[in-house]
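Participant: Kindly return the folded structure for what I paste below:
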Amino acid sequence: MSFSYVVREGFAGFKRARLSAFSSVTAMLLAVVLLGVLIRVSTNAYELAQAIKQDVEIEVFLLDIGEQRTNQLRAELESSDVVSEVSYISKTQAMERFRAEFGAEAEFLGDVQFLPASFLVRATPEAQASAIVSFVDQIQTLRGVDDVRFNQRGLELLEERLHLFVIGGTILGIFIGLTALVLVFNTIRLTIYAKKDLIKAMKLVGATNGFIKRPFMFEGTIQGLMAGFLGVGLVWLIFQLIVPAYIPQVGVMSWPFGRWYYLCGLLIFFALFLGFFGSRWAAHKFIKETTISG
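Facilitator: Sure thing, here's the model as predicted:
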């Protein structure tokens, strides 16, 4: 088969069903833009959640124990998989922090050191709330530990919201993709119906289904390519020019994997996937039906 024939017939499909082709490109364009916005917002939401989790502090207050037992406790805390950093705060340091926070109101205490020594433990960003809670329950039973404090409810609420956000974003992304795929399918179907008599004639002279399908698949691929590049341009305008003009904080949002071209490449591939497989699906289904009915 001549490649020029496939290209010529593929572009001719735009003329035969202009409104349908426009609707298909527009649908894929909207899908690309929505997916691009969803991915970038989701990426930054995840990074923010990880940063907040990294700031989760567990305060381990100690009884009056010796240096040897203190060092043993520190080693036991650092050996946990959920711990990223352990800092020791002596009684003197605890009083200095107290005076720094309360200022002149703390001067009446003089040199009295009533605050206990403690360990300030930071959890790893990857640690789940359940693992941290289990870790806290474990260290509360260690010899020399007086009390353990951390914001358990806040951490659990953060994980719960992040989990719901990921599920909702995934469902929305799948819905966007399927909607665009169906619209491409319907566009190519209308083009095939417009050429139904020609397809029957081609079958009578020996044309194979593959020969007939390729121009329609090329048409869908071109539609996807157009939607992909237009969508990438709109996503860039949204995040670099339009939204930052009203919400300056958006201008500092990071791109997935730190570079803009990763997201752009993914969106163009997504649009090509929609165009190619949507048209392939329609061509395979309706050219076969046209052959049977003929």
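
Participant: C-alpha from now on. contacts and neighbour counts both.
Facilitator: Fine.

Participant: Let me see the ranges of the strands in the protein.
Facilitator: For the chain, applying DSSP state E gives strands covering 57-62, 83-89, 118-123, 145-149.

Participant: Out of those strands, which gets nearest to Thr170?
Facilitator: Among the strands of the chain, strand 118-123 comes nearest to Thr170, with 27.6 Å by Cα to Cα.

Participant: Who are the packing partners of the lengthiest helix in the chain?
Facilitator: Ranked by residue count and defined by DSSP state H, the top helix of the chain is helix 152-194. Contact here means 3 or more Cα pairs under 8 Å, 6 or more residues apart in numbering; DSSP states H and E; on that basis helix 152-194 packs against helix 3-16, helix 18-54, helix 129-139, helix 209-237, helix 260-293.

Participant: just for the chain, where's the confidence low?
Facilitator: Applying pLDDT under 70 to the chain flags residues 1-3, 5-6, 9-17, 53-55, 97-114, 152, 249-252, 288-294.

Participant: if we can go back for a sec, mind putting the strands of the chain in TSV, distance to Ile242 and mean neighbour count included?
Facilitator: Converted to TSV, the strands of the chain look like this (distance: least, Cα to Cα, whole Å; neighbours: other Cα atoms under 10 Å):
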stretch	distance to Ile242	mean neighbour count
strand 57-62	38	20
strand 83-89	40	16
strand 118-123	38	21
strand 145-149	44	16
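
Participant: among the ones you listed, which is nearest His284?
Facilitator: Among those, strand 118-123 comes nearest to His284, with 54.1 Å by Cα to Cα.

Participant: any residues touching the closest one, and which ones?
Facilitator: Residues from elsewhere that reach strand 118-123 (Cα atoms under 8 Å, 6 or more residues apart in numbering): 53-62, 74, 82-91, 132.

Participant: Can you give the strand pairings for it, parallel or anti for each?
Facilitator: For strand 118-123, the paired strands and their directions (DSSP bridges) are strand 57-62 (antiparallel), strand 83-89 (antiparallel).

Participant: now the longest one and helix 129-139, what's the angle there?
Facilitator: With axes from the mean of the first three to the mean of the last three Cα atoms, to 10 degrees as the criterion, the two stretches strand 83-89 and helix 129-139 enclose an angle of 40 degrees.

Participant: when you give positions from now on, start the count at 660
Facilitator: Sure thing, new numbering starts at 660, so read that last one as strand 742-748.

Participant: got a list of contacts for strand 742-748?
Facilitator: By Cα under 8 Å, 6+ apart, the list of residues contacting strand 742-748 reads Arg733, Leu736, Glu737, Ala776, Ser777, Phe778, Leu779, Val780, Arg781, Ala782, Thr783.

Participant: for the strands of the chain, which one sits closest to Lys944?
Facilitator: Checking the strands of the chain against Lys944 by Cα to Cα gives strand 777-782 as the closest, at 54.6 Å.

Participant: quick one: the closest one to chain centroid distance?
Facilitator: A distance of 30 Å separates the centroid of the chain from that of strand 777-782, by Cα atoms, centre = their mean, to the nearest Å.

Participant: and the angle from that strand to strand 804-808?
Facilitator: Using the same axes, to 10 degrees: strand 777-782 against strand 804-808 is 40 degrees.

Participant: circling back: compare the strands paired with strand 777-782 and give me the one nearest Leu707.
Facilitator: Closest approach to Leu707 among the strands paired with strand 777-782 (Cα to Cα): strand 716-721, 16.4 Å.

Participant: Buried deepest among the helices and strands packed on helix 811-853, which one?
Facilitator: Counting by mean count of other Cα atoms under 10 Å, helix 868-896 has the highest mean neighbour count of the helices and strands packed on helix 811-853, with a mean of 22.

Participant: Packing partners of that one?
Facilitator: Using 3+ Cα pairs under 8 Å, 6+ apart, helix 868-896 sits against helix 662-675, helix 677-713, helix 811-853, helix 919-952.

Participant: again, only this time at 6 Å
Facilitator: If contacts are counted by 3 or more Cα pairs under 6 Å, 6 or more residues apart in numbering; DSSP states H and E, helix 868-896 sits against helix 662-675, helix 677-713, helix 919-952.

Participant: So which elements touch the last one?
Facilitator: With contacts defined as 3+ Cα pairs under 6 Å, 6+ apart, the secondary structure elements packing on helix 919-952 are helix 811-853, helix 868-896.

Participant: Tabulate those (a markdown table), appending distance to Leu697.
Facilitator: Listed next are the helices and strands packed on helix 919-952 as a markdown table, based on distance: least, Cα to Cα, whole Å:
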| stretch | distance to Leu697 |
| --- | --- |
| helix 811-853 | 7 |
| helix 868-896 | 10 |
